[in-house]
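K.L.:
I would like to see how this sequence folds:
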Amino acid sequence: MASERVLPRVPPLPVWAASRLNSLLRSKTSDRFDRIFDATFAETLDVVLNGKSLTRDEYKKVLFAQSEAGPLGTTDVQIEGETVVTLSEDRLGGFVGMFYATVGTCKRIFVLGAPARNKVVSSVNLTVKSAVPNPLTRIRYFDPRRITAVNQVLSPRSLIVSFPGSVVHANETASSGRVELGPAPLNVEQAEEELSVLGNKFSTASVPEAEVDEE
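P.N.:
Numbers count the residues shown, from 1 in each chain. Prediction:
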């Protein structure tokens, strides 16, 4: 009697998507970012970002710029909502919609001695499929899922400045002393150009770490 094939224990689709996004944007080195990106996105990838079609390499550069290893210096990824629809023909695949925000600390921008932070808000729809065949050799961890399509809306970046309490009057701002600038009142592109002239380039990223396939 032939034994029934048992699928490996892999994270549920919403956990998989959230952990991959979190680990990707919080990658501390470019090597780790590359490894997670390749283990998350299919070689053939359809990307639409803010209504514009991008290649896989172009989208990779956008995500790297938002990551902790990139200019943004993302330290926190806040996933505020997630919706999942599974596929009947693919037990592991499906569609994932996420609304998230990334917060990073500016490495060279200080206001009254306090480091400024930047925040980006985004919504993204992902198509996930079992796109990688099972390896011929047995490995400790294998997940055939890859993201094959991305449709994302990325907001303009906001600059968050925290003023020391000693220089902020209680009747002028909230007790936290935190002021968020933008996106509307702040021309980010102009701010980037001005900071670049000064040599300070401002650029803009609760979930388990993602396990990636070991080749």
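K.L.:
in space, what's closest to Leu63 - neighbours in sequence excluded?
P.N.:
Leu24 (6.4 Å; Cβ to Cβ, 6 or more residues apart in numbering). Bear in mind the C-beta positions are built from the backbone N, C-alpha and C, glycine included.
K.L.:
before we move on, what SS does the one you found have?
P.N.:
When classified by DSSP: H, G, I helix; E, B strand; the rest coil, Leu24 comes out as helix.
K.L.:
now do the contacts for it.
P.N.:
Residues counted as contacts of Leu24 (Cβ atoms under 8 Å, 6 or more residues apart in numbering) are Phe33, Ile36, Phe37, Thr40, Leu63, Ser67, Ala210.
K.L.:
test my guess that Ala17 contacts Val96.
P.N.:
Yes - the criterion here is Cβ atoms under 8 Å, and Ala17 meets it with Val96 at 4.4 Å.
K.L.:
looking at the two now, which is surrounded by more residues?
P.N.:
Neighbours were counted for Ala17 and for Val96 using other Cβ atoms under 10 Å; Ala17 has more, 27 against 22.
K.L.:
what pLDDT is listed against the more buried one?
P.N.:
With respect to pLDDT, Ala17 scores 94.
K.L.:
cool, and Gly93?
P.N.:
pLDDT at Gly93 comes out at 90.
K.L.:
next: the one 4 residues further on.
P.N.:
We have a pLDDT of 97 for Gly97.
K.L.:
then the one 4 residues further on?
P.N.:
Looking at Ala101, its pLDDT reads 93.
K.L.:
which SSE is it in?
P.N.:
strand 94-111 (DSSP states H and E).
K.L.:
which strands and helices lie in contact with that strand?
P.N.:
Here strand 94-111 touches helix 13-25, strand 74-86, strand 114-130, strand 158-162, going by 3 or more Cβ pairs under 8 Å, 6 or more residues apart in numbering; DSSP states H and E.
K.L.:
how about a cut-off of 10 Å?
P.N.:
If contacts are counted by 3 or more Cβ pairs under 10 Å, 6 or more residues apart in numbering; DSSP states H and E, strand 94-111 sits against helix 13-25, strand 74-86, strand 114-130, strand 145-154, strand 158-162, helix 188-197.
K.L.:
so which of the ones you listed gets nearest Asp46?
P.N.:
strand 145-154 (4.4 Å; Cβ to Cβ).
K.L.:
given the closest one, what are its sheet partners and their directions?
P.N.:
strand 41-49 (parallel), strand 114-130 (antiparallel) (DSSP bridges).
K.L.:
quick check: mean pLDDT of it?
P.N.:
96.
K.L.:
show me the shaky parts of the chain.
P.N.:
Low-confidence segments of the chain (pLDDT under 70): 1-9, 107-109, 133-141, 161-215.
K.L.:
now do 80
P.N.:
Scanning the chain for pLDDT under 80 picks out 1-10, 71-73, 88-90, 105-116, 132-142, 157, 159-215.
K.L.:
wait, isn't Phe37 in contact with Val62?
P.N.:
No - when contacts are counted by Cβ atoms under 10 Å, Phe37 is not listed as touching Val62 (11.2 Å).
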